[in-house]
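Enquirer: Quick one: sequence plus predicted model below, questions after.
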Amino acid sequence: MAQPLRLLQRLRGPTGQNLLSLYGVTAANYLFPLLTLPYLARVLGPSGFGALAIVQSLGQYLSLVVEYGFGLSATREVARSREDRARLAQILAEVLGARLLLALAVVVLAYALGLFVPALRANPALFWAGVFWAVALGMSPVWYFQGQERLRKVVILEVLAKALGVAGIFAFVRSPDEAHRVLLLQGLAALLSSGVAWGWAWREVGFILPTPSSALRGLRSGFSLFFFRAAVSLYTSANAFILGLFVPAQQVGYYAGAERLTKALLALFEPINRTFLPRLSHLARHNLSQAARLAQLIVVSMGLLGLLFGGGVVLLAPLLVHLLLGPGFEPAIPLMRILALLLPLIAVNLALGLQWMVALGLDRAYNYITVGAGLLNIGFAIVLVPLFFQSGMAWAVVSAEAFVAMALVIYLHHLGKAPWQGGGIAPR
């Protein structure tokens, strides 16, 4: 217990305030969907809920294309340039220009997918509402305030906007035919909060009009971490979409319900990721041994939380499905118990990879590991889903995450850069 207690002692000043702020926005990201989950599961039914989950899964992947890893790479650049107002304005211009280009690419890609994927072609209103939602999500400038370690105001804005979106779902979604309104309302809420936050950032450092050259600089600077996020999505966000290529929407609905209930607990890890990445990036450049000690505390604390949450999911799965999904979703119970294995695995992987390796600048190695896991996930799905349906998808995801855990530990230990080895030589 000593290490988690020592971690808590560090949560003072800006770090502690940012952690509390991020728990606020994470509560909005996960609690609000959990509030609407019982309503939507009952209004849409397993088939309608499954169709919504397929489009949401694709939308999450498309939003990562627009976001392009700037939540990591641009956060790191802002953290390193806090005192340089001109550089901060340039970073904003580079990211905005890059995201506008990426949004255009996403629309073109979505149009092509809509022509060839039957599950998307069956409901064009739902599909294009999902594309709009994806672009709106990807435009958020929260990374700027995260790098500055000043998140309170922008978090309040995001929570209020998401609350409006939730209220709209209860007011305007009353039947399976209105499923597209879920994504349309959520997209409008995201667009509102992002527009106001961009205005706040420009007021601080000034507005620079993006140019093609600045947009290309932004794309180059964020590519390695975008590659990482896109690869991770192959075994995190894209699973419902992948499953929908093989089985009917009703079975996707069972899997999506189980996945959402299980992964809701991952919300408790996200504030730690966002809060300590700027701190670790700064310490890794100036005091590597201190950075390694902090990384050890994060790994142990997150690992213990993951074990606790995973055990809770196994025990409470029947009650959670009964209360939150309702009649007709009983096949989600065994799926939740399989997916519970993800919680300790993901907790440790986030601490070692997303926190420690990114802070050390080991982006390329992390990319290789995550690409390997994403390809394994698809390969496992192709083999297991035709045999075991939605259970096969669950085991494919768990196997991919286990591969990541083993690969991270082996790679870092081999280089002598594991946190428990003191971090090794200075980062590149």
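Expert: Structure received. None of the values given here were measured: they were computed from a predicted structure.
Enquirer: which ones are touching Pro318?
Expert: Contact analysis of Pro318 by Cβ atoms under 8 Å, 6 or more residues apart in numbering lists Ile333. In short, each C-beta sits where N, CA and C put it, glycine included.
Enquirer: so Leu58 sits right up against Trp128, yeah?
Expert: No. Counting by Cβ atoms under 8 Å, Leu58 does not reach Trp128; the two are 11.6 Å apart.
Enquirer: Could you measure from Leu58 over to Val65?
Expert: Distance of Leu58 to Val65, computed by Cβ to Cβ, to the nearest Å: 11 Å.
Enquirer: what do you get for Gly416?
Expert: In terms of Cβ to Cβ, Gly416 sits 36 Å off from Val65.
Enquirer: hang on, Ala119 packs against Leu52?
Expert: No. Using Cβ under 8 Å, Ala119 makes no contact with Leu52, being 11.3 Å away.
Enquirer: Tell me which of the two has more neighbours.
Expert: Leu52 (28 against 18; other Cβ atoms under 10 Å).
Enquirer: quick one: pLDDT of that one?
Expert: Leu52 is assigned a pLDDT of 93 by the prediction.
Enquirer: wouldn't it be in contact with Leu40 here?
Expert: Yes. Between Leu52 and Leu40 a contact is recorded at 7.1 Å, counting by Cβ under 8 Å.
Enquirer: how about low-confidence regions in the stretch 151-300 of the chain?
Expert: Low-confidence segments of the stretch 151-300 of the chain, defined by pLDDT under 70: 224-225, 227-236, 267, 270-275, 277.
Enquirer: Surely Val133 touches Gly59?
Expert: Small correction: residue 133 is Trp, not Val. Yes. The pair Trp133 and Gly59 qualifies as a contact (Cβ under 8 Å) at a distance of 5.2 Å.
Enquirer: Between the two, which contacts overlap?
Expert: Residues touching both Trp133 and Gly59 (Cβ under 8 Å, 6+ apart) are Leu183.
Enquirer: okay, Gly416 and Val65: which has more neighbours?
Expert: Between Gly416 and Val65, Val65 has the larger neighbour count (other Cβ under 10 Å), namely 21 against 11.
Enquirer: Now that one: which helix or strand?
Expert: helix 13-67 (DSSP states H and E).
Enquirer: contacting residues for Ser237?
Expert: Contacts for Ser237 (Cβ under 8 Å, 6+ apart) come out as 57, 60-61, 64.
Enquirer: Can you classify it as helix, strand or coil?
Expert: In the three-state summary, Ser237 is assigned as coil, counting by DSSP: H, G, I helix; E, B strand; the rest coil.
Enquirer: tell me the SS of Pro318?
Expert: Assigned with three-state DSSP, Pro318 falls in the helix class.
Enquirer: Which pLDDT value goes with it?
Expert: Reported pLDDT at Pro318 in the predicted model: 94.
Enquirer: now it: how far from Phe246?
Expert: For Pro318, the distance to Phe246 equals 27 Å [Cβ to Cβ].
Enquirer: coming back round to it: with neighbour numbers in mind, choose between Leu58 and Trp128.
Expert: Set Leu58 next to Trp128 and count neighbours by other Cβ under 10 Å: Leu58 wins out with 26 against 19.
Enquirer: The more buried one and Ser237, how far apart?
Expert: Relative to Ser237, Leu58 is positioned 9 Å away (Cβ to Cβ).
Enquirer: do Pro386 as well
Expert: From Pro386 to Ser237 the distance is 22 Å (Cβ to Cβ).
Enquirer: one step back: check which element follows the helix holding Val65 along the chain.
Expert: helix 70-80.
Enquirer: Next one, pLDDT for Glu94 please.
Expert: Reported pLDDT for Glu94: 91.
Enquirer: I figured it was touching Ser213, is that so?
Expert: No. The pair Glu94 / Ser213 is not scored as a contact, 9.3 Å apart, by Cβ under 8 Å.
Enquirer: So between the two, which is more surrounded?
Expert: More neighbours surround Glu94 than the other of Glu94 and Ser213, with 26 against 10 (other Cβ under 10 Å).
Enquirer: check contacts around that one.
Expert: Counting by Cβ under 8 Å, 6+ apart, Glu94 touches 210, 214-215, 217-218, 221.
Enquirer: Of these, which is the most crowded?
Expert: Scoring those on neighbours with other Cβ under 10 Å, the highest-scoring entry is Gly218 at 28 neighbours.
Enquirer: Next one: it from Leu184, what distance?
Expert: 28 Å.
Enquirer: Now do the same contact list for Pro278.
Expert: Listed by Cβ under 8 Å, 6+ apart, the contact set of Pro278 reads 75-76, 79, 146-147, 149.
Enquirer: ugh, typo on my part, it should be Ala189
Expert: Applying Cβ under 8 Å, 6+ apart, we find Ala189 in contact with 161-162, 164-165, 168.
Enquirer: 6 Å instead, please
Expert: Shown in contact with Ala189 (Cβ atoms under 6 Å, 6 or more residues apart in numbering): 161-162, 164-165.
Enquirer: Ok, Glu401 next?
Expert: Contacts for Glu401 (Cβ under 6 Å, 6+ apart) come out as 342, 345.
Enquirer: which element is it on?
Expert: Per DSSP H and E, Glu401 falls inside helix 390-415.
Enquirer: I appreciate the help and will end here.
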